Every structure is written in structure tokens, then in C-alpha cells.
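A.B. asks: Everything below, folded, please.
(one chain, ligands or ions: 1)
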Amino acid sequence: MNQSRPKPTSARQSAVPIRGMALDVLGEWAAGDRFAADLMDRMQRENYLSQPDAAFLRDIVLTTLRNLSLLDHWIAVLTEDKHLDHRSRWGLRIGLCQILILKVSEHAAVNETVAATGRARSLINAVLRRACRETESLLAMPATLPLETRTSHPKWLIQHWLGLHGEAKTTALCEWNQIPAPMCARVNHLHPEMAASADDFIVCEQLPREELSDGKVYMQDPSTALAPRLLAPQPGERVLDACAAPGGKTALLAQLMGNTGEIIACDVSPARLRRLEGNLRRLHVTNAQIELHDWADPQVPAFAEAGFDRILLDVPCSNTGVMRRRVDVRWRLQPEDITAQMETQAQLLKNCLRVLKLGGTLVYSTCSIEPAENERLVECVLESTPGYEFVSTRRSFPPEDQMDGAFAAAIRRV
Ligand SMILES: C[S@@+](CC[C@H](N)C(=O)[O-])C[C@H]1O[C@@H](n2cnc3c(N)ncnc32)[C@H](O)[C@@H]1O
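C.D. replies: Got it, this is the predicted structure:
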């Protein structure tokens, strides 16, 4: 099986009913359209979970979602395709996930999962105990399974990627998505103590809580630096970050500008702008002004009338480049979502191009690996928008570049 496993999570027989919480999160995830990360954050807040308990909840929920098809394959084998109600199926999924993937103590995994599921107790108990006895043969199965089951991706997405990238790249990409991403942090050179640091990005063993709250670092993948670096804002310039929240790229723009000139950091979401404001304050950004604006609206807002030397347009997208981090995106994304996003992306690009000064540069960026949202979208907008020229692109594609997938295209107003 092509996945690095988290360290064994000791006996994990805590007084806090983490398995029950995992089942509640997964049940709510399946019944609605919310992302697992948001549901887990709420669960952690409402139950005042300690860091280790919250980490264990995350391990169970995210590893289960990351291996959903494979877990269902094991369940089909072990139950001989028995019909299961929703909660019992999730109970078996998280039980097998703990036993076969997370390598949690079998005793705790079986007993606490059976208790937390509360239904079909004898079936769940028997299936999980059998899995403990047959671990070796169950773990040998994935090698013979089709890619969509072995790496737990929807079949349509695999077919779509096979058409675009071919078999070798698709296989490597799906296997990459199964490996939990390392914790990468950008070193914030705007922090006085980090100004002389030789590092741009570091990989952390664990979340650097103190450094994060001091603004010495910001958690982001190196791929997020491609677009700001391609934009290359200069000290003293007037820059628009049109879709800025939560602000990782705005802070890098400020760093590249030495906190001089002016960045207008916009977003359509007031809640996300509040996060952006906190992040920029913590990251010692002093040259940014925050504006609430919907760039789908063709009317030019007053703050943009004077135009911008440079614009970063980091659009909402399918997130297909960051699926190893955003584990449930693969199950949420539908083919028609990509087409719907493209309409918004084209509209945002057209409206932002209008507020670029003559000779100025706009960088359009995504964390998608879909040509339709990337180079094809830019080509299509430029064909119907005279007065602009394509300059260059940067991209990263996992695992070739050993970072998340990202795309950036620079466009100049001529
Ligand atoms: C990919 S995220 C941006 C990430 C950000 N650049 C960063 O590095 O932290 C896309 C952002 O676009 C915002 N957005 C979506 N539609 C928008 C619109 N019509 N106008 C302005 N912002 C929009 C979303 O609220 C979201 O915060």
C-alpha cells in the first residue's frame, strides 16, 4: 500500500470518547456539504479537546476519508457484502482504519469503536476481530486492486486525469494524494528576529504554535510562493491582491515589497477578511489596506479607480492540486463544478484586468492542476480581451515538483 502511516497512536484509550466524535463528524460530513476540517474544528471547540485528543480525532477522520474506497473494499470482503446502516458502516470504516492503517492498539480500537457505534455490536465486534487476525492478508490486497480503489479516488476523476495526463502521471498523483502532507511553514522575514534567516520555507515535525502566534512563520506549502514571486511586486508600488483571504500570499507580497508602497487586500467574504486582518497583523504587514469587494461585479470600486501597478488574482478553484492536504475535496468535487468555477474565474479575470495600469502586470493563479481552469482559461479570456499580452507561466505538479499543485500566469497591459 502506497501510504506512509502516521506514528502508532499509543493505546489511545482516553476518557474522551474520540471514536464517537469521529462518527458524529463523519455522519454530518456525509449528510451535508460541509468540509471535514470545519466540522472537526467545531467539535474541538465545543468539547474543549486537548491537542492530543484533537490530533487523534483528525487522524481517524482524515485517514478514513483518505482511504474510503479501500476501507469499503475490506468491509465488502469481511462482511460478504452484507447490507449495513450508515452508522454501522462508518463504525466499521473507522475501526478498520485504526487497525489496518493507523495501527492503534487493537484492544482499544475494537472495544471503543464497538461501544461508540452502538449498533450491530456483534457484527462490528466480529468483523473487527477478524481484521485483527487477518491483518497480513488484508494489507496484501491493495496491490491487486484498481487505482480508484487502491488509492481511494472517484472513478470519474481518475478517468478525467488519465485522459489529461496518462497512466504514469495519474498513478503517481493518486499515490501522492494518499501520503499525509508534511507541515510546511514559510519563514516571515518581516518579523525582526527572522529578517536575516536564510530559509524561505521549513518543514516542521509538529505545529510550531509559539512561532505561529508570534508571526515568525505562517503555515503554507512552497507552491503558494509561485504566484507572488512571478508577480514580483517592487518596493513602493500600488498592488491589488483581489482574492486575498486568509492572506498567506498577501503577507509574502508585503515581504517582497519590504512593507513599502501599498497593497489593497480584497475579498468577498467578511468572515475570511477578519481572518486576513488577524493574520496580517500577526505577520507584521504594515503596507496593506483591507477592502470588502466582489470582483464578479463589473463596476469598478472607488479604491481601484487609480489603477494598480500589479495585481494578484488568486481565484477560487477546484483545489485539485491540494488534494493531499484537503482530503475530502475528492469526494465533494463533481465534474460540473469545474465548469461552474471557470465562469466565475473568467469573470474575475476580466474585471481585474480593467483596473491594471498600462504596462502593469497581473498574475492569475490557482491551486488546480486542471488546464481548463489554468492556461486554457487565460488563453480564452485574452482572445476576447484586446490590449493585454500573455507573458509567462509557472506551475508545480505533484509529485514531480515535490510540492502541491499550483498554476500562475503573468499577463501585461500593453
Ligand atoms: C484561493 S482563495 C485565496 C487564498 C489567498 N490568496 C491566500 O493566499 O491566502 C480564494 C478567495 O477568493 C475569495 N473570493 C471568491 N469569490 C470572490 C469574488 N467574487 N470577489 C472577491 N473574492 C472572492 C474567497 O472568499 C477566497 O477567500
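
A.B. asks: Where do the strands of the stretch 251-400 of the chain begin and end?
C.D. replies: In the stretch 251-400 of the chain, the segments counted as strands under DSSP state E, counting those that start in this stretch are 262-267, 288-292, 308-314, 356-366, 388-396.

A.B. asks: before we move on, what about the stretch 51-200 of the chain?
C.D. replies: 183-187.

A.B. asks: contacting residues for Leu123?
C.D. replies: Leu123 makes contact with Thr79, Lys82, Ser88, according to CB atoms under 8 Å, 6 or more residues apart in numbering. Where C-beta positions appear, they are placed from N, C-alpha and C, glycine not excepted.

A.B. asks: who in the stretch 251-400 of the chain is up against the ligand?
C.D. replies: Contact residues, the stretch 251-400 of the chain versus the ligand (CB under 6 Å from any ligand atom): Cys266, Asp267, Val268, Ser269, Arg272, Asp294, Trp295, Ala296, Asp314, Pro316, Leu348.

A.B. asks: Could you verify my assumption that the third one touches Leu292?
C.D. replies: Right, Val268. Yes. Counting by CB atoms under 8 Å, Val268 does reach Leu292; the two are 7.3 Å apart.

A.B. asks: quick one: which of these two has more around it?
C.D. replies: Val268 (17 against 12; other CB atoms under 10 Å).

A.B. asks: Could you check what's spatially nearest to that one, not counting adjacent residues?
C.D. replies: Distance criterion CB to CB, 6 or more residues apart in numbering; nearest residue to Val268, sequence neighbours excluded, is Asp294 at 4.6 Å.

A.B. asks: Hmm, Arg238 is touching Gly261, no?
C.D. replies: Yes. Counting by CB under 8 Å, Gly261 is a contact partner of Arg238 at 6.2 Å.

A.B. asks: Contacts only, for the closest residue to Asn319 other than its chain neighbours.
C.D. replies: Here the nearest residue to Asn319 in space, its sequence neighbours aside, is Val329; by CB to CB, 6+ apart that works out to 4.8 Å. Going by CB under 8 Å, 6+ apart, Val329 touches Phe35, Ser318, Asn319, Thr320, Val322, Met323.

A.B. asks: Between which two of those residues is the distance greatest?
C.D. replies: Greatest spatial distance among the contacts of Val329 (CB to CB): Phe35 and Thr320, at 15.2 Å.

A.B. asks: Comparing the two, which residue is more hemmed in?
C.D. replies: Using other CB under 10 Å, the more surrounded residue of Phe35 and Thr320 is Thr320, with 23 against 15.

A.B. asks: Break this protein down into its domains, please.
C.D. replies: Domain assignment for the chain by automatic domain parsing gives 18-152, 225-413.
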